[in-house]
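Enquirer: everything below, folded, please.
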Amino acid sequence: MGPANTYVIITPAHNEEAFIEKTIVSVIKQTVLPSKWIIVSDASTDRTDEIVNSYIAKNSWMKFVRKDDRSGSNFSSIVDTFNIGYLHLHDVSYDFIGKLDADIQLPVYYYETILNKFRENPKLGVAEGKAIEYYENKSRQHVYKKNGVGSIHVFRRECFEAIGGYFDTKEGGEDTIAEAVARMKGWETKTFCDIYAYHLKPTNIVAGNPIQRQWQLGRREYFCGNRPLFEVAKCCFKITARPYVIGAIARLSAYLYLWFSRTQRDLPGNVIRFIWQEQLNRLIPFLNLLRNR
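Expert: Model prediction:
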């Protein structure tokens, strides 16, 4: 189908023996295969490496890389692991680059459909489908946000290089930041709700129980540059999501603790200002509605 379909994937994986085989099989079955798929084991201590290597011999476009030591927190280590995989693309020709988590099951048409979206819109820099949490044989919830979920990201190569790749943050959220920087540099970003994938375990489970996860997300959103009024509005909206009320309180409390502590953010000032302006633009219609009631 031509050069517009040359894409590569990088998958950071840490102790994913329960899920990674489903991820591998779903990529092998894609209607359009990647030029290269690099799976980087982030110092896994379970059978992750063994499972990946069992597929390497039969699929020459797959490559396994072992990282012996974890760096930083669970979240910052993801970016470091991704970057190690990225170094192995120096001699590979490609037009698009995807980040795929090791606990995702894709429909067979996922990458072909995403590539078609890029072909239809030359200004599209970052695209992804919608992730649906599915575990214990039950669909738990639809995971959707304006800035995407990051586990099934695909970048146009020019866009990825223009933004300098993923920004390393100790609390995660590299996907949200990458999309914001892409828009700041004039690219369009899009989550396509008619293209889906299954996320095979609860989101952010490494942070602990459901309340701890919400606390960590509040910290993440602070370091991702969220402005206070936007965070308050977002947490009010989250009151109706599990764990009801207390989850939203935990999320907002974590954010406000860092805000009032004047904790330094690592993001460049111009990126934070851009994020704040975007969030203000999203808040203005609601503020006007409240004022006119």
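
Enquirer: contacting residues for the nearest residue to residue 239 once chain neighbours are set aside?
Expert: Spatial nearest neighbour of residue 239, chain neighbours left out: residue 248 (4.7 Å); criterion: CB to CB, 6 or more residues apart in numbering. (Glycine included, C-beta is placed from N, CA and C.) Taking CB atoms under 8 Å, 6 or more residues apart in numbering, we find residue 248 in contact with 214, 235-236, 238-239, 241.

Enquirer: distance of residue 67 from residue 160?
Expert: Distance of residue 67 to residue 160, given as CB to CB, to the nearest Å: 21 Å.

Enquirer: more neighbours: which of those two?
Expert: More crowded of residue 67 and residue 160, by other CB atoms under 10 Å: residue 160, with 23 against 19.

Enquirer: for residue 82, see how far away the more buried one is.
Expert: Residue 160 is 11 Å from residue 82, where distance means CB to CB.

Enquirer: if we can go back for a sec, check which helix or strand the residue nearest to residue 239 maps to.
Expert: helix 246-260 (DSSP states H and E).

Enquirer: distance between whatever helix or strand comes next after that helix and the chain's centre?
Expert: Using DSSP H and E, the helix or strand that follows helix 246-260 in sequence is helix 269-291. For helix 269-291, the distance from its own C-alpha centre to the chain's C-alpha centre is 23 Å (CA atoms, centre = their mean, to the nearest Å).

Enquirer: which residues in the stretch 51-200 of the chain form strands?
Expert: With strands called from DSSP state E, counting those that start in this stretch, the stretch 51-200 of the chain shows them at 62-67, 96-100, 104-105, 124-135, 138-143, 152-156, 188-199.

Enquirer: show me where pLDDT drops low in the stretch 1-150 of the chain?
Expert: Low-confidence regions of the stretch 1-150 of the chain, defined by pLDDT under 70, span residues 1-5, 72-73, 135-149.

Enquirer: domain-wise, how is the chain divided?
Expert: Domain segmentation of the chain under automatic domain parsing yields 3-203, 210-291.

Enquirer: can you say which of those domains is packed in most?
Expert: Mean neighbour count (mean count of other CB atoms under 10 Å) peaks for domain 3-203 among the domains of the chain, with a mean of 18.

Enquirer: how about the contacts of residue 248, which pair is most distant?
Expert: Farthest pair in these (CB to CB) is 214 and 236. Separation: 13.8 Å.

Enquirer: tell me the one of the contacts of residue 248 nearest residue 33?
Expert: Closest approach between the contacts of residue 248 and residue 33, by CB to CB: residue 241, at 37.0 Å.

Enquirer: got the contact list for the spatially closest residue to that closest one that is not a sequence neighbour?
Expert: Nearest residue to residue 241 in three dimensions, chain neighbours excluded: residue 247, at 6.7 Å (CB to CB, 6+ apart). Contact analysis of residue 247 by CB under 8 Å, 6+ apart lists 210-211, 214, 238, 241.
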